[in-house]
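Peer 1: sequence isn't available, so here's the structure alone:
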């Protein structure tokens with residue numbers, strides 16, 4: 001489920017999983033990291049030197065310091081065996097309501113370089129005037145970052161990204177500054193003897209173009225540079241390129257080479273980074289993701305296969321063929337484990353709710369001692385026979401009652417996150433994946449849209465006194481009146497479907513705002529995707 005009431009994270013393990021598959025065109029070697037991705041915008045991955053924690057930036061998530069309007073907070077996932085934990089927000093020490101991100105680390109992992117830490121008031125479209133900071137590790141926790149003293153640092157762009165060399169003596173930044181070739185260019189700054197940093201200088205015209213050069217990454221040899229650009233010849237809107245420093249000059253580089261269609265697509269690829277050790281690089285791509293970034297791996301050990309199979313969990317052991325028709329072997333069908341996590345959809349904090357399970361002709365209330373602790377979360381693990389029809393309800397003070405019915409199968413195995421909505425008039429929730437055909441009130445994917453709306457119907461059935469207002473929004477391009485009319489027709493389509501499923505029309509108001517209430521005022525593809533949405537507001 002991918003709207004913010006209840007989002008189901010499908011998994012084949014009980015909590016920690018690296019879900020790996022190849023879902024793109026045959027030429028690509030993208031390794032999908034499903035356990036880290038969401039309906040929000042993930043980008044700029046950076047692995048810690050010990051390989052145990054993958055940091056990245058996530059934008060638009062309600063748990064960010066600045067909420068859904070936040071340009072991006074630092075999140076991370078912990079490594080465990082062959083998998084990654086569910087992503088964890090890095091907290092208020094490293095994050096603020098503006099853009100936050102990880103640039104790199106010292107070799108021992110005790111220093112983290114971060115983006116834009118002191119632009120706490122910056123919002124989408126504003127200039128990011130502060131540069132790079134460094135945070136120290138103390139007692140297992142990060143201390144507040146301190147601004148690096150970069151001489152005459154200037155950035156007139158709403159974008160900033162950077163990389164730091166392994167010896168922590170060279171910074172390369174994507175900014176708009178002195179002598180720019182056009183939009184964001186790559187600049188370098190060198191560390192001095194007194195721990196100050198030199199005035200940024202351009203890398204030169206071999207690298208920089210009239211267009212945008214973003215997300216640099218300097219290899220461990222201090223001469224191989226990876227970066228994203230839409231100014232060199234590529235496959236899509238932005239591709240990843242590689243160039244090599246010529247001699248000792250930081251202003252002399254070889255002609256950039258496209259990394260090819262094994263990694264680049266018609267979407268935006270950026271944030272390419274190579275860990276201190278290992279055979280997997282990391283990056284983000286918007287291919288097949290509605291304009292938002294998802295995180296991927298890319299095999300860099302050419303002797304390794306580019307298609308990585310996921311080990312199947314809890315499958316029955318293959319049995320030999322029977323010797324005769326009489327001498328058959330009965331293979332027991334294993335139970336399927338499901339892990340339930342009950343959380344506040346806004347804060348992601350655990351909720352001590354009353355959980356009731358009904359299945360197999362019996363109903364039982366879950367006792368407090370049935371929960372177990374996994375990391376900092378309380379989880380409820382239950383084993384079911386395949387094919388079991390289950391009804392789960394959750395009640396908690398201050399929250400709307402929650403109810404879900406499902407049939408136990410491989411698709412429901414793993415984690416089911418149950419997000420409860422505050423029982424407050426005015427609470428607003430976006431319904432994810434309700435998309436429409438261009439200039440039409442018809443669902444683009446009727447099955448997916450109806451599945452999402454069914455969750456809202458379930459919520460209203462569990463709360464018979466609840467009434468809502470459906471609100472439709474388009475982007476702010478085109479004729480304002482036509483956009484408003486279209487947004488109203490679209491939410492009416494949602495309302496009509498809910499009425500067909502038994503919800504009284506008297507409980508559903510609706511209104512279309514067109515492009516009057518954008519969440520993001522920039523004119524980018526990602527911003528337009530954010531602005532096109534269907535939301536509901538609790539009015540009773």
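Peer 2: Cool, got the structure. It should be emphasised that the depicted structure is a prediction, and the values quoted were computed from it without experimental measurement. Residues are numbered from 1 along each chain as shown.
Peer 1: three-state assignment of the closest residue in space to residue 48 that isn't next to it in sequence?
Peer 2: Residue nearest to residue 48 in three dimensions, not counting chain neighbours: residue 109, with 5.5 Å by C-beta to C-beta, 6 or more residues apart in numbering. The C-beta positions use only the backbone N, C-alpha and C, and glycine is treated the same way. Put simply, residue 109 is coil when judged by DSSP: H, G, I helix; E, B strand; the rest coil.
Peer 1: cool, residue 457 as well?
Peer 2: Per three-state DSSP, residue 457 ends up helix.
Peer 1: from residue 178, how far off is the residue nearest to residue 48?
Peer 2: 34 Å (C-beta to C-beta, to the nearest Å).
Peer 1: go through stretch 402-411 and flag the buried ones.
Peer 2: 402, 403, 404, 408 (16 or more other C-beta atoms under 10 Å).
Peer 1: with distance to residue 168 added, can I get those in TSV?
Peer 2: Shown next, in TSV, are those (distance: C-beta to C-beta, whole Å):
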residue	distance to residue 168
402	49
403	54
404	50
408	52
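Peer 1: which of those sit farthest apart?
Peer 2: Using C-beta to C-beta, those span at most 18.4 Å, a distance reached by 402 and 408.
Peer 1: and stretch 136-145, average pLDDT?
Peer 2: For stretch 136-145, mean pLDDT is 92.
Peer 1: identify all contacting residues around that stretch.
Peer 2: 90, 93, 94, 109, 110, 111, 112, 114, 117, 133, 134, 135 (C-beta atoms under 8 Å, 6 or more residues apart in numbering).
Peer 1: buried ones among these?
Peer 2: For the contacts of stretch 136-145, buried by 16+ other C-beta under 10 Å: 90, 94, 111, 112, 114, 117, 133, 134, 135.
Peer 1: now do the SS call for the last one.
Peer 2: Following three-state DSSP, residue 135 is assigned to strand.
Peer 1: look up how far residue 347 lies from the spatially closest residue to it that is not a sequence neighbour.
Peer 2: Leaving aside its sequence neighbours, residue 135 sits nearest to residue 145 (C-beta to C-beta, 6+ apart; 4.2 Å). Using C-beta to C-beta, residue 145 is found at 24 Å from residue 347.
Peer 1: now stretch 470-482: buried residues?
Peer 2: Judged by neighbour count (16+ other C-beta under 10 Å), stretch 470-482 contains these buried residues: 470, 471, 472, 473, 474, 475, 476.
Peer 1: just the strands in the stretch 151-300 of the chain please.
Peer 2: 161-164, 170-175, 185-190, 201-202, 213-218, 224-229, 239-244, 257-258, 269-273, 280-285, 294-299 (DSSP state E, counting those that start in this stretch).
Peer 1: remind me what the fifth one packs against, helices and strands.
Peer 2: Secondary structure elements in contact with strand 213-218, counted by 3 or more C-beta pairs under 8 Å, 6 or more residues apart in numbering; DSSP states H and E, are strand 161-164, strand 170-175, strand 185-190, strand 224-229, strand 269-273.
Peer 1: nearest to residue 507, out of those?
Peer 2: Closest of the helices and strands packed on strand 213-218 to residue 507 is strand 269-273, at 44.3 Å (criterion: C-beta to C-beta).
Peer 1: ok, back up a step: now the strands of the stretch 151-300 of the chain as JSON lines including mean pLDDT and mean neighbour count?
Peer 2: Formatted as JSON lines, these follow (pLDDT from 0 to 100; neighbours: other C-beta atoms under 10 Å):
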{"stretch": "strand 161-164", "mean pLDDT": "95", "mean neighbour count": "26"}
{"stretch": "strand 170-175", "mean pLDDT": "95", "mean neighbour count": "24"}
{"stretch": "strand 185-190", "mean pLDDT": "96", "mean neighbour count": "24"}
{"stretch": "strand 201-202", "mean pLDDT": "94", "mean neighbour count": "16"}
{"stretch": "strand 213-218", "mean pLDDT": "95", "mean neighbour count": "26"}
{"stretch": "strand 224-229", "mean pLDDT": "95", "mean neighbour count": "24"}
{"stretch": "strand 239-244", "mean pLDDT": "95", "mean neighbour count": "21"}
{"stretch": "strand 257-258", "mean pLDDT": "94", "mean neighbour count": "14"}
{"stretch": "strand 269-273", "mean pLDDT": "93", "mean neighbour count": "25"}
{"stretch": "strand 280-285", "mean pLDDT": "92", "mean neighbour count": "24"}
{"stretch": "strand 294-299", "mean pLDDT": "90", "mean neighbour count": "24"}
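Peer 1: for residue 384, which of those strands is the nearest?
Peer 2: strand 294-299 (30.4 Å).
Peer 1: any idea how far the closest one is from the chain center?
Peer 2: Its chain's C-alpha centre and that of strand 294-299 lie 13 Å apart, by C-alpha atoms, centre = their mean, to the nearest Å.
Peer 1: what's that strand in contact with?
Peer 2: Under C-beta under 8 Å, 6+ apart, the answer for strand 294-299 is 20, 29-33, 36-37, 42-43, 45, 56, 262-263, 272, 279-286, 305-306, 308.
Peer 1: in its sheet, what does it sit against?
Peer 2: Here strand 294-299 is paired, per DSSP bridges, with strand 31-32 (antiparallel), strand 280-285 (antiparallel).
Peer 1: quick check: what element follows that strand along the chain?
Peer 2: strand 336-344 (DSSP states H and E).
Peer 1: which helices and strands does that next one pack with?
Peer 2: strand 377-384, strand 414-420.
Peer 1: by mean pLDDT, show me the worst of the ones you listed.
Peer 2: strand 414-420 has the lowest average pLDDT among those, namely a mean of 79.
Peer 1: list the contacts for residue 189?
Peer 2: 150, 151, 153, 170, 171, 173, 197, 198, 199, 200, 201 are the contacts of residue 189 under C-beta under 8 Å, 6+ apart.
Peer 1: the same query, at a cut-off of 7 Å, please.
Peer 2: 150, 171, 197, 198, 200 (C-beta atoms under 7 Å, 6 or more residues apart in numbering).
Peer 1: ok, it to residue 164 distance?
Peer 2: Separation of residue 189 from residue 164 (C-beta to C-beta) stands at 10 Å.
Peer 1: check residue 277 too.
Peer 2: 18 Å.
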